[in-house]
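1. what's the 3D shape of this:
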Amino acid sequence: MYRILTVACAVILMAGASLAAVVDLPNETQSTTFIATVSEQANVSVPASVAFNVTNVSADTNSADQSVSATTVVLSDGKALRVEIQADEADFTAPSGGTVTWAAGDISWDAATWTNGTGSANALSSALYTTVATSNANAASLSASDLTFTLADKNTVDRAGDHTLAATWKFSSVTP
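-> Numbers count the residues shown, from 1 in each chain. Below is the predicted model of the structure:
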């Protein structure tokens, strides 16, 4: 009976794949390996909205400075974090009665000053994600607080009001 109890205890103490053995007690020869599988991850923050106060449709209009950040970045060794954005539609939605509005490509941005990375001056597209910034390899964070978006002049816009366009941000691990 003692022998059966010893085997039962050994099975209860095993984790994962079952390794059973009959051992004399006390015994300190059995071991278990614990594995924590960590996925690539980051805590990210992007602007909920970017406003353009257009007072002259014949001139470019800049947004206020915007903040974008990724903290607690955990990537595979040697990898970098890439930040990209894509417009959800090809054109803004005009306010009621409007027939002419801006295209997604009418929004551009400056390279900004990025902590632990490099920004890319670019323009928005609805066809593909466009790079905003890329971190240094193995960076634990990436951030900018001076990212300025520009809405190009378009003197054919025919209605006052809110012209709207949604966009989706993408954060991914890349080989620099």
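2. What residue spans form the domains of this protein?
-> With domains defined by automatic domain parsing, the chain comprises 1-35, 41-174.
3. Which parts of the chain are strands?
-> Remark: strands of the chain, listed N- to C-terminal, are 41-45, 61-62, 66-74, 80-87, 107-109, 117-119, 122-123, 130-135, 142-147, 149-151, 167-174; assignment by DSSP state E.
4. Let's have the ones you listed in a markdown table, adding mean neighbour count.
-> Quick note: C-beta positions are derived from backbone N, CA and C, even for glycine. Supplementary listing: the strands of the chain in a markdown table, determined by neighbours: other C-beta atoms under 10 Å:
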| stretch | mean neighbour count |
| --- | --- |
| strand 41-45 | 14 |
| strand 61-62 | 15 |
| strand 66-74 | 17 |
| strand 80-87 | 22 |
| strand 107-109 | 21 |
| strand 117-119 | 21 |
| strand 122-123 | 16 |
| strand 130-135 | 22 |
| strand 142-147 | 20 |
| strand 149-151 | 20 |
| strand 167-174 | 15 |
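5. nearest to Asn27, of the ones you listed?
-> Smallest distance to Asn27 across the strands of the chain (C-beta to C-beta): 38.2 Å, for strand 66-74.
6. what inclination does that closest one have with respect to strand 41-45?
-> Computed by axes from the mean of the first three to the mean of the last three C-alpha atoms, to 10 degrees, the angle separating strand 66-74 from strand 41-45 equals 160 degrees.
7. same for strand 66-74, what does it pack against?
-> Helices and strands in packing contact with strand 66-74 are listed as strand 41-45, strand 80-87, strand 130-135, strand 142-147; criterion 3 or more C-beta pairs under 8 Å, 6 or more residues apart in numbering; DSSP states H and E.
8. Thr168 is nearest to which of those?
-> Once the helices and strands packed on strand 66-74 are compared by C-beta to C-beta, strand 80-87 is nearest, at 5.5 Å.
9. The closest one pairs with which strands, parallel or anti?
-> With DSSP bridges as the criterion, the sheet partners recorded for strand 80-87 are strand 130-135 (antiparallel), strand 167-174 (antiparallel).
10. closest one to Asn56 among these?
-> Set against Asn56 and scored by C-beta to C-beta, the strands paired with strand 80-87 come closest in strand 167-174, at 24.1 Å.
11. Off-centre distance for that closest one?
-> For strand 167-174, the distance from its own C-alpha centre to the chain's C-alpha centre is 5 Å (C-alpha atoms, centre = their mean, to the nearest Å).
12. Show me what the mean pLDDT comes to for it.
-> Averaging pLDDT along strand 167-174 gives 98.
13. can you give me the angle that strand makes with strand 142-147?
-> Using the same axes, to 10 degrees, strand 167-174 lies at 150 degrees relative to strand 142-147.
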